[in-house]
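Visitor: A structural model of the following input is requested.
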Amino acid sequence: MSGATPETADDRFSDDHPATSGLYHVFVAFGFAGAEVGIALGLPLLAAIGLTMFGWSVAGMLGETGLLEATNRAQHVGAAGGVYGLAAAGLVALARPAGITLPQRELAFAAAAGALIAFAGYDAVRPDGR
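Guide: Numbering: from 1, shown residues only. Alright, predicted model coming up:
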């Protein structure tokens, strides 16, 4: 027994909590798989597309569930792009001095960061006002 009263047990189906979710969770899996396949096969473009899809989907899920409070989607996507930019910089700053070169991963993270930040910028200023 969950300890919920009958009034609060069905609260998740109220207007504040929609009964369905978006498709973001599907694209998380596709994005992660695409990024891994791109890295494994040495295709940084495929890895960048996968990372972009993964970051966009995670940002969408966090906004949809309310775990991150932001006024619009652009803030979530821009934050994901910033994290990817930090990951690319971290790979360059930490791996290269140690003699480890990961140019495909660095390129993929940098390209995905640029794509997510560009999407966030467009989303923030697009004319329909969403």
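Visitor: which residues sit in contact with the most centrally placed residue in the chain?
Guide: With distances taken as Cα atoms, centre = their mean, G55 lies nearest the centre of the chain, 1.9 Å away. Under the criterion of Cβ atoms under 8 Å, 6 or more residues apart in numbering, the neighbours of G55 are G31, V77, A80, G81, V83, Y84, A112, L116. Backbone N, C-alpha and C define where each C-beta goes, glycine included.
Visitor: at 10 Å what do you get?
Guide: Shown in contact with G55 (Cβ atoms under 10 Å, 6 or more residues apart in numbering): 28, 31, 35, 76-77, 79-81, 83-84, 109, 112-113, 115-116, 119.
Visitor: do the same with G114
Guide: G114 neighbours (Cβ under 10 Å, 6+ apart): A48, T52, G81, Y84, G85, A88.
Visitor: what about the second one, which helix or strand?
Guide: What that stands for is T52. helix 44-65 (DSSP states H and E).
Visitor: dump the residue contacts of P97.
Guide: Per Cβ under 10 Å, 6+ apart, neighbours of P97: none.
Visitor: which SS state does it fall under?
Guide: Secondary structure, DSSP: H, G, I helix; E, B strand; the rest coil: P97 is coil.
Visitor: cool, G85 as well?
Guide: Assigned with three-state DSSP, G85 falls in the helix class.
Visitor: how about it: what's its closest non-neighbour residue?
Guide: A113 (3.9 Å; Cβ to Cβ, 6 or more residues apart in numbering).
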